[in-house]
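Chemist: based on what follows, work out the 3D shape:
(one chain, ligands or ions: 1)
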Amino acid sequence: MLDSMLFKTILKHSFDFPVKVNYADGSSKQYGGDGTPEAEITFRDNISIKELIKNPSVCLGEAYMDGIIDIQGSIQKIIASAYRSEGSFLRSAKLKKYHPHQDHSENKNKADIQSHYDIGNDFYKLWLDSTMTYSCAYFEKSSDTLEQAQMNKVHHILKKLNPQPGKTMLDIGCGWGTLMLTAAKEYNLKVTGITLSKEQYDYVNQQIKHLGLEGQAEVILEDYRELKHEPFDYITSVGMFEHVGHAELPRYFKIVNKYLKNDGIALIHGITRQQGGASNAWLDKYIFPGGYIPGLVENMTDIVEAQLQLSDLESLRRHYQKTLEIWDKNFNAHREEIVAKMGERFTRMWDLYLQACAASFEAGNIDVMQFQLTKGPSGINMPMTREYMN
Ligand SMILES: C[S@@+](CC[C@H](N)C(=O)[O-])C[C@H]1O[C@@H](n2cnc3c(N)ncnc32)[C@H](O)[C@@H]1O
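Modeler: Okay, here's the model as predicted:
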């Protein structure tokens, strides 16, 4: 069992604002400067040092889920501070370079994806906005609501395709369909979405009927690697390559190339790491099995090796931090209902997931990038300036 002395050493350099820590032996200590503590961490029991050393993020994550660690104040603020602080436990090489053995075969991927996205549309409706978009929003004005910011993002992406009416578009990892259905409704594209989630597939089919878009929009329930289709004029893929895995990422971009027409444009939007790709052991175990955040350089290498050309790149890091903060606020506004349906442990786990991700964007270890890709000489037909994106 871990004694308080050891934890005191570990936590000593982890905070850059006043945090009070109450240890299981009854003692308390304040770190991160004097003044009134802005957060309080309480250890209700000892933590196994063996487990902590073996797998720090799982050990601490489980301790929080089980109520062994309790936090008063913002979890996001505590984690962001621990990421920023030189010498903190969260900056240990072990946490940064975690590469679990992951299986991204079609069968395993399907099970992994369904374990996350098929929790139930009613659950997601509680804290996503009405567009059911589950990726980084785009806050053009600070007063934008989440729903407005999600629609801003959808148009921001579609405009980057410089879309011409009547052309075709594939959305790889279409989620609940707002991007593809907006492309059909407002840009008059013929759209195909692909997802591995049965709940999303049913929902998108209902939306297609509801909007009268049969014949112009279709959704396929399948692994994108199994798709058999003619190439498309445009491809989008939003918040999807984070599921692909290190070994499969080169193939992902090759598939984008394969399904893109010669003069086509793709807009790939996803989370990247600043310093090399990695997974987080706790997220891999509890939230996103098989999840892997590629390094920015890794994405660039795989794009170039897939014979795609990078024609524009934009970072939306702070937009994802804000999106996650709103999701977490919505989530906590329905906390009692979620606890009643899913249990206390699940609720603590998801709250931790949303706040830890917001902290990671806040601290700058991860970013979200929009890669505009063209194929071969297609760039030649593109406008000379970025004006068309506005
Ligand atoms: C984070 S969600 C993003 C959904 C949507 N693009 C959005 O922005 O709201 C990831 C999506 O990728 C899909 N996905 C993940 N792996 C996939 C695979 N191998 N084949 C097809 N879809 C996949 C999931 O089913 C889900 O729809």
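
Chemist: close to the ligand: what parts of the stretch 101-250 of the chain are there?
Modeler: By the rule CB under 6 Å from any ligand atom, the part of the stretch 101-250 of the chain lying against the ligand is 109, 113, 117, 133-135, 173-175, 194-197, 200, 223-224, 238-240, 243. Every residue, glycine included, has its C-beta placed from N, CA and C.

Chemist: okay, and which of these map to helices?
Modeler: Counting by DSSP state H, these place N109, I113, Y117, Q200 in helices.

Chemist: pull out the buried members of the residues you listed.
Modeler: Among these, those buried by neighbour count (16 or more other CB atoms under 10 Å) are N109, I113, Y117, Q200.

Chemist: quick one: contacts for the closest residue to the third one other than its chain neighbours?
Modeler: In other words, Y117. In space, Y117 comes closest to S197 once its chain neighbours are excluded; the distance is 3.7 Å by CB to CB, 6 or more residues apart in numbering. With contact set as CB atoms under 8 Å, 6 or more residues apart in numbering, S197 has these partners: I113, Q114, Y117, D118, G175, L221.

Chemist: what packs against the biggest helix by length in the chain?
Modeler: Criterion DSSP H: the longest helix present in the chain is helix 344-363. Counting contacts by 3 or more CB pairs under 8 Å, 6 or more residues apart in numbering; DSSP states H and E, helix 344-363 packs against helix 56-65, helix 75-84, helix 281-286, helix 317-333, helix 335-342, strand 366-375.

Chemist: got the CA coordinates for the longest strand along the chain in CSV?
Modeler: In the chain, ranked by residue count with DSSP state E as the criterion, the top strand is strand 260-273. What follows is strand 260-273, C-alpha atoms only, in CSV (Å, rounded to 0.1, in the frame of the first residue of the first chain):
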residue,chain,number,x,y,z
LEU,A,260,-11.4,9.9,-54.1
LYS,A,261,-11.7,10.8,-57.8
ASN,A,262,-8.7,12.3,-59.5
ASP,A,263,-9.8,15.8,-59.2
GLY,A,264,-11.4,15.2,-55.8
ILE,A,265,-11.0,17.0,-52.4
ALA,A,266,-11.0,15.4,-49.0
LEU,A,267,-11.4,17.1,-45.6
ILE,A,268,-10.2,14.9,-42.8
HIS,A,269,-10.8,16.3,-39.3
GLY,A,270,-9.3,14.5,-36.2
ILE,A,271,-7.3,14.7,-33.0
THR,A,272,-3.5,14.6,-33.2
ARG,A,273,-0.8,14.6,-30.6
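
Chemist: and the ligand, is it touching that?
Modeler: No - using CB under 6 Å from any ligand atom, strand 260-273 never reaches the ligand; the gap is at least 7.7 Å.

Chemist: try stretch 278-285
Modeler: No - Stretch 278-285 stays out of contact with the ligand when judged by CB under 6 Å from any ligand atom, the minimum separation being 13.0 Å.

Chemist: now that stretch: mean pLDDT?
Modeler: Stretch 278-285 shows a mean pLDDT of 92.

Chemist: and for stretch 29-45?
Modeler: Here the average pLDDT along stretch 29-45 is 94.

Chemist: likewise stretch 360-371?
Modeler: Mean pLDDT, stretch 360-371: 95.

Chemist: still on that earlier bit, relative to N46, which of the helices and strands packed on helix 344-363 is closest?
Modeler: Closest approach to N46 among the helices and strands packed on helix 344-363 (CB to CB): helix 56-65, 10.0 Å.

Chemist: angle of that closest one against helix 344-363?
Modeler: 130 degrees (axes from the mean of the first three to the mean of the last three CA atoms, to 10 degrees).

Chemist: ok, and what's touching the helix or strand immediately after helix 56-65 in the chain?
Modeler: The first helix or strand that comes after helix 56-65 along the chain, using DSSP states H and E, is strand 69-72. Residues outside strand 69-72 that contact it (CB under 8 Å, 6+ apart) are A39, E40, I41, T42, F43, R44, I47, L60, A63, Y64, I78.

Chemist: unless I'm mixing things up, the first one is touching A80, no?
Modeler: What that stands for is A39. No - using CB atoms under 8 Å, A39 is not in contact with A80, being 11.3 Å away.

Chemist: those two: who's more crowded?
Modeler: Between A39 and A80, counted using other CB atoms under 10 Å, the more crowded position is A80 (25 against 19).

Chemist: quick one on the thing from earlier: redo the contacts of S197 as a markdown table? Include distance to L352 and pLDDT.
Modeler: Formatted as a markdown table, the contacts of S197 follow (distance: CB to CB, whole Å; pLDDT from 0 to 100):
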| residue | distance to L352 | pLDDT |
| --- | --- | --- |
| I113 | 21 | 86 |
| Q114 | 22 | 85 |
| Y117 | 19 | 90 |
| D118 | 21 | 86 |
| G175 | 23 | 98 |
| L221 | 31 | 97 |
